[in-house]
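[1] compute the structure for the input listed below.
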Amino acid sequence: MPKTSKSNASETVEMEGYEGHLEKFEGGYTVSFEKYTADADLTEFFTGLPNDQCQAAHWGYVLTGKVTYKTASGDETYEAGDAYYVPPGHTPVLHAGTEIVEFSPTEQLQQTLDVVGKNMEAAT
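    Have a look, this model is predicted:
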């Protein structure tokens, strides 16, 4: 069976305020080890997706800090020690000092990241 960790994940993404280590598993899921070093509401970067929101579901666990997801039914904040599920149709708000581990369907996550990446490039 496949396994990964933050230190040996095959993909690393680093940008101001964010560090991510990702591994795509057979079977269609990606695990992400994420660390946030700055507060950020990323809503503007989801423009162009259906309803301008993330289209991937996420199952996660907050190691330290907190993360907030904005949805049509309101905001939900998860703090250290919380396990969570967030359905498609949300945007994230990151909080400095947070570390999470998150599992997402690879195809939907990649489609979302492609749009977010283009929007981030256009903003710089």
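[2] what's in contact with the helix or strand bottoming out on mean pLDDT in the chain?
    Across the helices and strands of the chain, the lowest-confidence element by mean pLDDT, DSSP states H and E is strand 11-15, at a mean of 89. Applying Cβ atoms under 8 Å, 6 or more residues apart in numbering, the external contacts of strand 11-15 come out as 19-24, 120. Where C-beta positions appear, they are placed from N, C-alpha and C, glycine not excepted.
[3] and what of stretch 107-120?
    Against stretch 107-120 from outside (Cβ under 8 Å, 6+ apart): 15, 28, 30, 42, 44-49, 54-57, 88.
[4] hmm, 7 Å instead?
    28, 30, 45-49, 54-56, 88 (Cβ atoms under 7 Å, 6 or more residues apart in numbering).
[5] list the buried residues in that stretch.
    108-109, 112-113, 115-116, 119 (16 or more other Cβ atoms under 10 Å).
[6] okay, now the unreliable bits of the chain?
    1 (pLDDT under 70).
[7] show me where this structure has strands.
    Using DSSP state E, the strands of the chain run over 11-15, 18-25, 29-36, 40-41, 58-64, 66-71, 74-79, 83-86, 90-94, 98-105.
[8] list the strands paired with the second one, with their directions.
    The strands that strand 18-25 pairs with in its sheet are strand 11-15 (antiparallel), strand 29-36 (antiparallel) (by DSSP bridges).
[9] now mean neighbour count and distance to D82 too, for these, in JSON lines please.
    Output for the strands paired with strand 18-25, formatted as JSON lines (neighbours: other Cβ atoms under 10 Å; distance: least, Cβ to Cβ, whole Å):
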{"stretch": "strand 11-15", "mean neighbour count": "11", "distance to D82": "24"}
{"stretch": "strand 29-36", "mean neighbour count": "20", "distance to D82": "15"}
